[in-house]
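S.K.: sequence and predicted structure are below.
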Amino acid sequence: MPPPSDIVKVAIEWPGANAQLMEIDQVSKCCGCSNVNHFLPFQSRSEIKNGTILRLAISPARAARQLLDRIQSHGIDARLEALKELAKLSADPTFATEFISMEGIGTLARLVESGYCGFGEMLAFTLTAFLELMDHGIVSWDLISLSFIKQIAGYVNQPMVDVSILQRSLAILESMVLNSHSLYHRVAQEITVGQLIGHLQVSNQEIQTYAIALINALFLKAPEDRRQVSTVPAHQHTGRHVIRGNRPIKAEMAHQLYVLQVLTFNLLEERMMTKMDPSDQAQRDIIFELRRIAFDGENDPSGTEKRKAMYTKDYKMLGFTNHVNPAMDFTQTPPGMLALDNMLYLAKLHQDTYIRIVLENSSREDKHECPFGRCAIELTRMLCEILQVGELPNEGCNDYHPMFFTHDRAWEEFFCVCIQLLNKTWKEMRATAEDFNKVMQVVREQITRTLAMKPSSLDQLKGKLRGLSYSEILRLRQSERMSQDDFQSPPIIELRERIQPEILELIKQQRLNRLCEGSCFRKLGNRRRQEKFWFCRLSLNHKVLHYGDLDESPQGEVPFELLTDKIPVSDIKSVVTGKDCPHMKEKSALKQNKEVLEQAFSILYDPDENLNFVAPNKYEYCIWTDGLCALLGREMGSDLTRSDLDTLISMEMKLRLLDLENITIPEAPPPVPKEPSTYNFTYNYG
């Protein structure tokens, strides 16, 4: 009679005792173990299978009590070890709940406030544990005392504090600001943006990331009248010390840069949503200044209304929709007064460009003139939409644009570049007033395509925009339309799915043929010694890998007779790559060599043996990892396979569709005709 399915036999281990074979009833959830101070580390008993080895651990409640007692002991070494262990366990929510219920957070806070931990490892572990425990959201941040905040802020303001302590202190302050409105005011009294900017000037990108994250948090919680003061200096130093640092930007840093970019653009929201008051003389004088700069009139902003009424013709040449009272053009939000700000910046800071655009269009035929005023207003609205001015940052988004950190007035300069692009595109399209919306659509596409290329500076932006002329946009549209029409309809997708297995089989055979030819690999060792090589190739029947040492790199294939060692393919358990390879774990020096790490792979085979490779180049690495995966019946997932698959499928599809060129492929197959009433049209050859 077979044993009940609910009973499983497992080996159970616990500290200080040998493993014992026991039976577990999954229904009653009883393991027959009377040791209540230990628990099984499984969330569900259904996870336990026959033959599983279970290792008992100390229960969270007991572990929390023991650590709390050790932390409060008088021995420094005991405290240090306890805090080190606490920093690891605090990430577990079950343990954290038990530790917090024993007033553990208060104990850690008092250690920090008293200064007992000093500035070394003990303080770093204490801050790590504190932050991990608070991140579970079990205890409110509002309970944090002012003396604790002052102590943490002191670590950030101290010039020579340890890097690990500085990182954790910045992270704790960020969490305080984001999780409590009252704590924001306390932190803002202790930490200034100027002090945080100093941390952007270090070479450690982790510190820079934490500093920008805290600046972003302070900005989000700051009153509107303080946001400009908080963000502009940080934005300038970020461009100088982070963007231009010639180092790869990590994912978390990219996210914080994106957040800072969004918050900086959001400073424009107030002006974007402010309507112009036609009765405000100061605002109307700005429009008068635009007219004066363009047409070199008298600089007399205090002139009478009668005198200004004579400027109707000039306002028409400037391209305003309302020639009599152009102030009415700025009453729609968005873009509101932001459009007028951009126009004034262009007129004052790029006066030659501004005058050229205005005069060039005023001398054209009426039907082909590009209305500067209307274009500037619509362009400002478009840029606000593209850059999502006024929207909150998205969690997990890393879409920042480096060029916006390279200039103190990046928004205004961006507008100046784009208004020149608009004027150029208008001329290329030979547009008239009726084509206004079409031109704006093309300009939007030019801008969004260029931003997707992530230009690193405004000069690079200008260069990429020059390459995206109207004719180039038309070519790209046509190419993409053809590609979409050809390869996205259901019949074509079905054809592609039918072709793909054939192509994958072709790639598989090519990989296996290359393994049969074999490859030479360099032996890893002391670089001062003479370089040695070894060769490996697959047998022609694909059942055995032959390998052996060589004195020098061979020319061509190496005969099987010279390869004295072999591994049956049936003995191979798995193939691992990169840092998972045994020889990459053993040789710590090699970990620093990214190229070697990326080209390393190992074959694991019975009994617990391995054969380690470092491919001579990326191509050979892909060939061998793909070939070994094919031998083991696994998916070939290298970049080379994806590239070959795309290329071969594209070629095969085009060959098969040659006869259908210029023929519209229907979305659905034609209906099957009805059966004929009789089959008298057939002829019997018999």
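M.R.: Thanks, I have the structure now. If you're wondering where the values come from, they're calculated on a predicted model, not measured in any experiment. Residues are numbered from 1 along each chain as shown.

S.K.: pLDDT weak spots in the stretch 201-350 of the chain?
M.R.: For the stretch 201-350 of the chain, applying pLDDT under 70 flags the ranges 225-241, 244-246, 297-310.

S.K.: show me the helices in it, by range?
M.R.: 205-221, 224-241, 251-265, 269-272, 281-295, 305-309, 312-317, 337-349 (DSSP state H, counting those that start in this stretch).

S.K.: now the last one: buried residues?
M.R.: If I follow you right, that is helix 337-349. By neighbour count on 16 or more other Cβ atoms under 10 Å, the buried set for helix 337-349 is 337-347. No exception for glycine: its C-beta is placed from N, CA and C like everyone else's.

S.K.: and the gap between residue 205 and residue 252?
M.R.: Noted for residue 205: a distance of 9 Å to residue 252, by Cβ to Cβ, to the nearest Å.

S.K.: common neighbours of these two, please.
M.R.: Between them, residue 205 and residue 252 share no contacting residue under Cβ atoms under 8 Å, 6 or more residues apart in numbering.

S.K.: how about the buried residues of helix 337-349 in a markdown table, adding distance to residue 632?
M.R.: Converted to a markdown table, the buried residues of helix 337-349 look like this (distance: Cβ to Cβ, whole Å):
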| residue | distance to residue 632 |
| --- | --- |
| 337 | 66 |
| 338 | 61 |
| 339 | 63 |
| 340 | 68 |
| 341 | 64 |
| 342 | 61 |
| 343 | 66 |
| 344 | 68 |
| 345 | 64 |
| 346 | 64 |
| 347 | 69 |
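
S.K.: select the longest helix from this protein.
M.R.: Ranked by residue count under DSSP state H, the longest helix found in the chain is helix 490-517.

S.K.: does residue 329 touch residue 373 like I think?
M.R.: Yes. Under the criterion of Cβ atoms under 8 Å, residue 329 makes contact with residue 373 at 6.3 Å.

S.K.: now do stretch 501-520: everything it contacts.
M.R.: 533-540, 542, 550, 553-554, 557-558, 615-616, 620, 623-624, 626-628, 630-631, 636, 641, 644-645, 648-649, 652.

S.K.: give me that answer again for 6 Å
M.R.: By Cβ atoms under 6 Å, 6 or more residues apart in numbering, the surrounding residues in contact with stretch 501-520 are 533, 535, 537-538, 540, 553-554, 557, 620, 623, 626-627, 630, 641, 644-645, 648-649.

S.K.: among the residues you listed, which are in strands?
M.R.: Mapping the contacts of stretch 501-520 onto strands (DSSP state E) picks out 533, 535, 537-538.

S.K.: buried subset of the residues you listed?
M.R.: Judged by 16+ other Cβ under 10 Å, buried ones among the ones in strands among the contacts of stretch 501-520: 535, 537-538.

S.K.: picking that back up, after the longest helix of the chain, next one along is what?
M.R.: strand 519-522 (DSSP states H and E).

S.K.: report how many residues lie close to residue 624.
M.R.: Residues near residue 624, counting by other Cβ atoms under 10 Å, number 24.

S.K.: please name the nearest non-neighbouring residue to it.
M.R.: residue 615 (6.3 Å; Cβ to Cβ, 6 or more residues apart in numbering).

S.K.: I'd say residue 558 and residue 535 touch.
M.R.: Yes. If you go by Cβ atoms under 6 Å, residue 558 and residue 535 touch, sitting 4.6 Å apart.

S.K.: outline the domain layout of the chain.
M.R.: 7-56, 140-248, 281-480, 500-642 (the TED database).

S.K.: remind me which residues of the stretch 401-550 of the chain are low pLDDT?
M.R.: 481-488, 525-531.

S.K.: 90 instead, please
M.R.: 405-408, 430, 432-433, 474-498, 521-534, 549-550 (pLDDT under 90).

S.K.: show me what counts as buried in the longest helix of the chain.
M.R.: 492, 495, 503-504, 507-508, 511-512, 514-515.

S.K.: quick one: that helix to strand 533-538, angle?
M.R.: Between the axis of helix 490-517 and that of strand 533-538 there is an angle of 130 degrees, by axes from the mean of the first three to the mean of the last three Cα atoms, to 10 degrees.

S.K.: which stretches in the stretch 51-200 of the chain count as strands?
M.R.: 53-55, 57-58 (DSSP state E, counting those that start in this stretch).

S.K.: for residue 383, see how far away residue 354 is.
M.R.: 18 Å.

S.K.: with residue 11 instead?
M.R.: Distance from residue 11 to residue 383, by Cβ to Cβ: 66 Å.

S.K.: so those two - more neighbours on which side?
M.R.: Shown here are residue 11 and residue 383; by other Cβ under 10 Å, residue 383 has more neighbours (24 against 14).

S.K.: list the buried ones in whichever strand or helix holds the more buried one?
M.R.: Under the criterion DSSP H and E, the helix or strand holding residue 383 is helix 372-386. The neighbour-count criterion (16+ other Cβ under 10 Å) identifies 372-384 as the buried residues of helix 372-386.

S.K.: now do stretch 629-644
M.R.: For stretch 629-644, by 16+ other Cβ under 10 Å, it's 629-631, 636, 638, 640-641, 644.

S.K.: mind listing residues that contact that stretch?
M.R.: The contact list for stretch 629-644 (Cβ under 6 Å, 6+ apart) reads 507-508, 511-512, 569, 622, 625-626.

S.K.: what about 10 Å?
M.R.: 503-512, 515, 538, 542-543, 545, 569-570, 572-575, 577, 603, 618-628, 645 (Cβ atoms under 10 Å, 6 or more residues apart in numbering).

S.K.: over to stretch 332-342?
M.R.: In contact with stretch 332-342 (Cβ under 10 Å, 6+ apart) are residues 268-277, 283, 286-287, 290, 326-327, 329-331, 373, 376-385, 389-390, 411-412, 414-416, 418-419.

S.K.: how near is residue 104 to residue 173?
M.R.: 21 Å.

S.K.: then residue 321?
M.R.: 50 Å.

S.K.: who has more neighbours, the two?
M.R.: Neighbour totals were compared for residue 321 and residue 173, and residue 173 leads with 25 against 13 (other Cβ under 10 Å).

S.K.: what's the spacing between that one and residue 141?
M.R.: 11 Å.

S.K.: ditto for residue 380
M.R.: Taking Cβ to Cβ, one finds residue 380 at 40 Å from residue 141.

S.K.: only whichever of the contacts of stretch 332-342 are buried, select them in PyMOL.
M.R.: To isolate in PyMOL the members of those that are buried, counting by 16+ other Cβ under 10 Å, one can use:
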select buried, resi 268+269+271+272+274+276+283+286+287+290+326+327+329+330+373+376+377+378+379+380+381+382+383+384+389+411+412+414+415+416+418+419
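
S.K.: find residues that contact each of residue 558 and residue 535.
M.R.: 518-520, 546-548, 550.

S.K.: and those residues, which is closest to residue 99?
M.R.: Nearest to residue 99 among the shared contacts of residue 558 and residue 535: residue 547, at 53.7 Å, using Cβ to Cβ.

S.K.: that closest one contacts residue 564, doesn't it?
M.R.: Yes. Counting by Cβ atoms under 10 Å, residue 547 touches residue 564, with 8.5 Å between them.

S.K.: who's more crowded, the two?
M.R.: residue 547 (19 against 10).

S.K.: tell me the SS of that one?
M.R.: Assigned by DSSP: H, G, I helix; E, B strand; the rest coil, the conformation of residue 547 is strand.

S.K.: can you tell me the closest non-neighbouring residue to it?
M.R.: Closest to residue 547 by Cβ to Cβ, 6+ apart is residue 536, at 4.0 Å.

S.K.: circling back: make TSV from the strands of the stretch 51-200 of the chain and add distance to residue 583 to it.
M.R.: Formatted as TSV, those follow (distance: least, Cβ to Cβ, whole Å):
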stretch	distance to residue 583
strand 53-55	28
strand 57-58	33
